[in-house]
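Asker: Give me coordinates for this.
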Amino acid sequence: MKAVVQRVLEASVTVDGQRVSEMGPGLLVLLGVGKGDTDADLAWMVEKIALLRIFEDADEKMNLSLEDTSKQLIVVSQFTLYGDARKGRRPSFIEAMEPVAAKALYERACEALRKRGLTVGTGIFGADMKVALVNDGPVTILLESPPKPGAPT
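Answerer: I've put the predicted structure just below:
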């Protein structure tokens, strides 16, 4: 799994002119699911997102997580995180998981974050979404679940 995690002052997702999610301070997470991703990848990513210490404490040090601050997040499915543009000019998405299985893992990730007591907004899987945000900092972190044993590095 891959994620782009952005600390935001506010964020929203709109589909077909309708606002489907909005929030104040927290995280906007673009989440990509790749071929071969498993429950172990999901568990790793959920824990990393929930406990990533990128919010400032009283000393203005990035020392607090979502769980420490009771902030909220919006998780948007983003298969294009698996786009490979090293060859040619059109990205290849061959490493992205097929949509039915990817949707199931994405939905399970959102539910696992909710089970941790977090407020989770979402986009609509597969829809043409308009994502708006005010990045705070800016703080943007790239996450990728650890490689599987025997996978090329």
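Asker: buried stuff in the lengthiest strand in the chain?
Answerer: Using DSSP state E, we find that the single longest strand of the chain is strand 129-144. Neighbour-count burial for strand 129-144 flags Met129, Leu133, Asp136, Val139, Leu143 (criterion: 16 or more other Cβ atoms under 10 Å). Bear in mind the C-beta positions are built from the backbone N, C-alpha and C, glycine included.
Asker: same deal with stretch 32-47?
Answerer: Buried-residue list, stretch 32-47, by 16+ other Cβ under 10 Å: Gly32, Val33, Gly34, Asp37, Asp41, Leu42, Trp44, Met45, Val46.
Asker: How far does that stretch sit from its chain's centre?
Answerer: Distance of stretch 32-47 from the chain centroid (Cα atoms, centre = their mean, to the nearest Å) equals 11 Å.
Asker: That stretch spans what distance, first to last residue?
Answerer: From the first residue to the last, stretch 32-47 extends over 16 Å; the measure is Cα to Cα, to the nearest Å.
Asker: In the protein, where's the longest helix?
Answerer: Using DSSP state H to define each element, the chain has its longest helix at helix 99-115.
Asker: Which other helices and strands does that one contact?
Answerer: Helix 99-115 sits against helix 39-51, strand 72-77, strand 119-122, with contacts defined as 3 or more Cβ pairs under 8 Å, 6 or more residues apart in numbering; DSSP states H and E.
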